[in-house]
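>>> quick one: sequence and predicted model below, then my questions.
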Amino acid sequence: MRYMTAGESHGPQLAAIVDGVPAGLHISEDSINADLARRQSGYGRGGRQLIEQDRVRITSGVRFGRTIGSPITLVVENRDWQNWTDRMAVFGDAPVDLQRETTPRPGHADLVGVLKINSDDCRDVLERASARETAARVAATGIARELLADLGVDVFSYVTSIGQAKMPEQDPMMDAPDYKPLEIELSDVRCPNEATADAMRAEIDKAREAGESLGGTFRIVARGLVPGLGGYATAGERMTSRVAAALFSIPAIKGVEFGLGFKAAELPGSQVHDEIILDSNLGFTRAGNNAGGLEGGMTTGMPLIATCAMKPIPTLMTPLKTVDLDTLEAADASKERSDVCAVPACAVVAEGEVAFALANAYLEKFGHDNMADIRANIAAYKERLKTVSR
Ligand SMILES: Cc1cc2nc3c(=O)[nH]c(=O)nc-3n(C[C@H](O)[C@H](O)[C@H](O)COP(=O)(O)O)c2cc1C
């Protein structure tokens, strides 16, 4: 499966095309819309979310609620387009009173983008570099989530820190898979610990008052995976790099760890590697999950756990210094309407990216023409694994 998105932040619409989707997969518009709503929500989001109410419209590849094996087109309208028809017109001349964006924001794509494409207006860059694009990704990766759900795999996320507010955790690699997704969904910071959630909101309030922004960390958990997805033989097969690349493709992600991650580098081997045991019900399993569900570039069958770091939002209401592209004088960076903190929303985007990488690995291993064959192939594989451990 591949997906491609198009659309500017204040253009008429965002679109995504997903191809390589097997036939016979049930698709629910409601599930994709629920994910779009989850991406829009979260304490600390900006005014744009009050304007938009993202809904997907599928215009190809699905018939009577099931995929038919052809490319799927998903469209999400930008309601804000109504306010930008002159400044973002596809044809015609720019309005005479057009205010170009000439004060690039440190931390955003503005400056390097205009240098790269030879433009005198940062808007040519920021319209696409804006994380509004991630709405199209959530729609596109929703197809992968449907596929995984069909195969008994769920992917969820929770926020572990915002600024200095950190969730206390004893043994996150063993505890994470048990956090109840509903508790997380009910939290506007996606944090299952109420005291930490209060501290996170307080951090965001403090940042907003100071004209500041915040980043944080979140964890992605995928449960119900078979062992052996991905591969150990070539660089391109390794799930470690494929999932990490998917996560690093999200704007503002600056760190990804699997399992213990950086902490593993501090500990001796006996405290890191997960001992192998043979369980009468589960077959081969592990005493722990410090590896975060990946060994040798393949899924182990334990939950896949990735922790991501998101940097603070670049747009600041108390702006940093920049250089005006017209006057070449020092100036305040521009103040595009903006989130104070988007860590919870970013976690939702990341769920989708992980789901897409995992769904592709399933198709690679079990076929990709239709769901019936894929399900049968997985059942046969599981049966063989049982025989091995008997
Ligand atoms: C869900 C989400 C929402 C974001 N919202 C904003 C925002 O409102 N304002 C902003 O300046 N950056 C926002 N960002 C971050 C920028 O998109 C990102 O920092 C920028 O594109 C530069 O890319 P880089 O951080 O990877 O270098 C958001 C990112 C995500 C994932």
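Sure thing, it's come through.
>>> now do the contacts for residue 183.
Contacts here follow CB atoms under 8 Å, 6 or more residues apart in numbering; on that basis residue 183 touches residue 192. Heads up, the C-betas are built off the backbone N, CA and C, glycines and all.
>>> kindly report the same for residue 341.
The neighbourhood of residue 341, defined by CB under 8 Å, 6+ apart, consists of 42-45, 162-163, 203-204, 207, 213-216, 312-313.
>>> tally of neighbours for residue 51?
Residue 51: 13 surrounding residues under other CB atoms under 10 Å.
>>> hmm, back to that, which one of the contacts of residue 341 is nearest the ligand?
The ligand lies nearest to residue 313 out of the contacts of residue 341, by CB to the nearest ligand atom, at 4.4 Å.
>>> ok, for the closest one, nearest residue in space, not its chain neighbours?
Distance criterion CB to CB, 6 or more residues apart in numbering; nearest residue to residue 313, sequence neighbours excluded, is residue 213 at 3.7 Å.
>>> quick check, pLDDT for that neighbour.
Model confidence at residue 213, given as pLDDT, is 97.
>>> so what's it up against?
Listed by CB under 8 Å, 6+ apart, the contact set of residue 213 reads 207, 312-316, 338-341.
>>> just flag the most distant two among these.
Within these, two members stand farthest from each other by CB to CB: 207 and 314, at 13.5 Å.
>>> how about the residue nearest to residue 313, secondary structure?
Following DSSP: H, G, I helix; E, B strand; the rest coil, residue 213 is assigned to coil.
>>> low pLDDT regions in the stretch 251-390 of the chain?
Filtered on pLDDT under 70, the stretch 251-390 of the chain yields the residue ranges 390.
>>> residue numbers of it in contact with the ligand?
251-252, 311, 313-315, 338-339, 342, 345-346, 349 (CB under 6 Å from any ligand atom).
>>> quick one, grab the pLDDT at the residue of the stretch 101-250 of the chain found nearest the ligand.
Residue nearest to the ligand within the stretch 101-250 of the chain: residue 131 (3.4 Å; CB to the nearest ligand atom). Here, the pLDDT recorded for residue 131 equals 96.
>>> so who does the nearest residue to it once chain neighbours are set aside touch?
For residue 131, ignoring the flanking residues on the chain, the nearest one in space by CB to CB, 6+ apart is residue 251 at 5.1 Å. Residue 251 sits next to 129, 131, 134 when contact means CB under 8 Å, 6+ apart.
>>> so which residues of the protein form helices?
Using DSSP state H, the helices of the chain run over 29-40, 48-51, 110-117, 123-129, 133-150, 172-175, 181-186, 194-209, 239-248, 343-366, 371-388.
>>> buried ones in stretch 324-344?
Neighbour counts over stretch 324-344 (16 or more other CB atoms under 10 Å) mark 325, 331, 333-334, 336, 338-344 as buried.
>>> what sits against the closest residue in space to residue 8 that isn't next to it in sequence?
Nearest residue to residue 8, sequence neighbours excluded (CB to CB, 6+ apart): residue 127, at 3.9 Å. Residues in contact with residue 127 (CB under 8 Å, 6+ apart) are 8-11, 88.
>>> between the contacts of residue 251, which has the most around it?
The most neighbours of any of the contacts of residue 251, using other CB under 10 Å, belong to residue 134, which has 24 neighbours.
>>> from what I can see that residue touches residue 250, true?
Yes: if you go by CB atoms under 8 Å, residue 134 and residue 250 touch, sitting 6.8 Å apart.
>>> intersection of neighbour lists for those two?
What both residue 134 and residue 250 touch, as defined by CB under 8 Å, 6+ apart, is the set 346, 349.
>>> related to what we said a few turns ago, ok, so of the contacts of residue 341, who is nearest residue 68?
residue 42 (35.2 Å).
>>> what count of nearby residues applies to that closest one?
Residue 42: 23 surrounding residues under other CB under 10 Å.
>>> which member of the contacts of residue 127 is positioned nearest residue 287?
residue 9 (47.9 Å).
>>> from the ligand, how far out is the closest one?
10 Å (CB to the nearest ligand atom, to the nearest Å).
>>> equivalent analysis for residue 257, please.
Distance, residue 257 to the ligand, by CB to the nearest ligand atom: 17 Å.
>>> where do the strands sit along the stretch 151-300 of the chain?
Per DSSP state E, counting those that start in this stretch, the stretch 151-300 of the chain carries strands over the ranges 154-162, 165-166, 216-223, 253-258, 276-279, 283-286, 294-295, 298-299.
>>> Throw those into TSV and include mean neighbour count, thanks.
Shown next, in TSV, are those (neighbours: other CB atoms under 10 Å):
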stretch	mean neighbour count
strand 154-162	25
strand 165-166	19
strand 216-223	23
strand 253-258	17
strand 276-279	10
strand 283-286	17
strand 294-295	22
strand 298-299	22
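>>> take those strands and write them to CSV, including distance to residue 179.
Shown next, in CSV, are these (distance: least, CB to CB, whole Å):
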stretch, distance to residue 179
strand 154-162, 6
strand 165-166, 15
strand 216-223, 8
strand 253-258, 18
strand 276-279, 23
strand 283-286, 19
strand 294-295, 20
strand 298-299, 20
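>>> enumerate the residues of the stretch 51-200 of the chain near the ligand.
With CB under 6 Å from any ligand atom as the criterion, the stretch 51-200 of the chain meets the ligand at residues 107-109, 129, 131, 134.
>>> closest one of the residues you listed to residue 185?
residue 134 (18.6 Å).
>>> OK, contacts around that closest one?
By CB under 8 Å, 6+ apart, the contact set of residue 134 is 39, 250-251, 345-346, 349.
>>> could you rerun that using 10 Å?
Contacts for residue 134 (CB atoms under 10 Å, 6 or more residues apart in numbering) come out as 5, 14, 39, 141, 250-252, 342, 345-346, 348-350, 352-353.
>>> equivalent analysis for residue 78, please.
Contact partners of residue 78, counting by CB under 10 Å, 6+ apart, are 7-14, 48, 51-52, 54, 84, 88, 132, 135.
>>> pull out the buried residues from the residues you listed.
Among the contacts of residue 78, the ones that count as buried by 16+ other CB under 10 Å are 7-12, 14, 48, 52, 54, 84, 88, 132, 135.
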